[in-house]
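> Fold the following for me, if possible:
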Amino acid sequence: MAAHSIHELRPDAYNAVWDNSLAAALEIEPGDVVELHARDASDDQLTRSSVAADVPALDFDRVNPVSGPIYVKGALPGDTLAVELLEFRPRDWAWTAIIPGFGLLAEEFPDPWLRISSVDAQQRLVHFGERVTLPLRPFSGNLGVAPAEAGAHSVIPPRRWGGNLDIKHLGAGATLLLAVGVEGALFSLGDTHAAQGDGEVCGTAVETAMDVLVRLSIRRDITVRAPQFTLPPPAAGSQPGGGYHVCTGVGPDLLEAARDAIRATIEHLSERHGFERAEAYALASVAVDLRIHEVVDAPNWVVGAFLPDAVLAPAQA
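Residues are numbered from 1 along each chain as shown. Okay, the predicted model is just below:
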């Protein structure tokens, strides 16, 4: 078997759009490993000393920068790029914000809110304030290849080429499969999170910069039209140990059912645990998993919001 190289993408190689006309910052052979230095989602506009008043001042033309692009030699449109996620090394601090006008319940939370968390890589924990401890589960929220369509495309929404997927299961050990749209694939990665609930309901997770190791390979034995991924066991990525409190939303619209499930979770955290509503909303974004339970019994569908008991328990030394 041929030996593969390990490369380092320079830290200043990043962009705020997807665009297939961008020059490659690095060229590699298929199967090579690359270390990327992903910037946080604010592009360092928020710091360890930031406060809620800094959130409305964010320049959204800079948010969610993606490191890259990386040209994989031999990759052609119609191929599949296999992205093996090998290692994530986060900063020791992170932020979570409620950004006015953004999030699942944006109209109900019009005011900015900010939480600075500490990240303990050795203990594999995130200290989300004094009352909440989350398991450290780092991953990249935004990773993809250049679209086949010409021009600059926003990094905010996901698309069939990948992008801002915000799939918390894409941590170390997972392999993401992406349809190649242009020669060389032009892979980029960013929006790294220390923890997140499925849904990222307030619009942000536990946001922090990270160094990320990936292996990029070409697969021609499989064709994908939209992102697919494989996970090592245990595949569900569920909270280790403990139980859950689950609130449901029921109705004819899945998005509104999801909103109802999160509203009920916020009410539960506020009334039963004494959380202020904005903090409860942010906690739902970083720790609660939304799941679709039922989409066959018309006219109503069911969405569940899973709150792990463990995140409200004191951290074990």
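
> Going toward the C-terminus from the least confident helix or strand in the chain by mean pLDDT, what's the next helix or strand?
The helix or strand of the chain with the poorest confidence is strand 228-230; it has a mean of 90 (mean pLDDT, DSSP states H and E). The helix or strand immediately downstream of strand 228-230 is strand 244-251, counting by DSSP states H and E.

> State the three-state secondary structure for residue 177.
Taken by DSSP: H, G, I helix; E, B strand; the rest coil, the conformation at residue 177 corresponds to strand.

> and it, how many residues sit next to it?
Per other Cβ atoms under 10 Å, the neighbour tally for residue 177 reads 18. For glycine as for every other residue, the C-beta is placed from the backbone atoms N, C-alpha and C.

> And for it, nearest residue in space, chain neighbours not counted?
Distances taken as Cβ to Cβ, 6 or more residues apart in numbering put residue 228 closest to residue 177, at 4.5 Å, once the chain neighbours are dropped.

> Likewise for residue 310?
Here the residue nearest residue 310, using Cβ to Cβ, 6+ apart, is residue 242, at 3.9 Å.

> could you measure the one you found against residue 96, distance?
22 Å (Cβ to Cβ, to the nearest Å).

> of the two, who's got more company?
Taking neighbours as other Cβ under 10 Å, residue 242 and residue 96 compare with residue 96 leading, 28 against 12.

> distance of the residue nearest to residue 147 when sequence neighbours are not counted from residue 191?
The shortest distance from residue 147 to any non-neighbouring residue, by Cβ to Cβ, 6+ apart, is to residue 161 (4.9 Å). Here the criterion is Cβ to Cβ. By it, residue 161 lies 15 Å from residue 191.

> Give the residue from those two that has the larger number of neighbours.
Neighbours were counted for residue 161 and for residue 191 using other Cβ under 10 Å; residue 191 has more, 27 against 24.

> coming back round to it: now the least confident helix or strand of the chain, how far from the centre of its chain.
15 Å (Cα atoms, centre = their mean, to the nearest Å).

> Show me what it is packed up against.
Counting contacts by 3 or more Cβ pairs under 8 Å, 6 or more residues apart in numbering; DSSP states H and E, strand 228-230 is packed against strand 175-179.

> Give me the next element, helix or strand, following the strand it packs on.
Scanning forward in sequence from strand 175-179 by DSSP H and E, the next helix or strand is strand 187-195.

> May I have that next one exported as PDB, CA atoms only?
Presented in PDB, the C-alpha positions along strand 187-195 are these (Å, rounded to 0.1, in the frame of the first residue of the first chain):
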ATOM      1  CA  PHE A 187     -13.200  20.700   0.100                       C
ATOM      2  CA  SER A 188     -13.500  23.200   3.000                       C
ATOM      3  CA  LEU A 189     -14.500  22.900   6.700                       C
ATOM      4  CA  GLY A 190     -15.500  25.200   9.500                       C
ATOM      5  CA  ASP A 191     -18.100  26.100  12.200                       C
ATOM      6  CA  THR A 192     -16.600  23.800  14.800                       C
ATOM      7  CA  HIS A 193     -18.600  23.000  17.900                       C
ATOM      8  CA  ALA A 194     -17.700  21.500  21.300                       C
ATOM      9  CA  ALA A 195     -21.200  20.300  21.900                       C
END
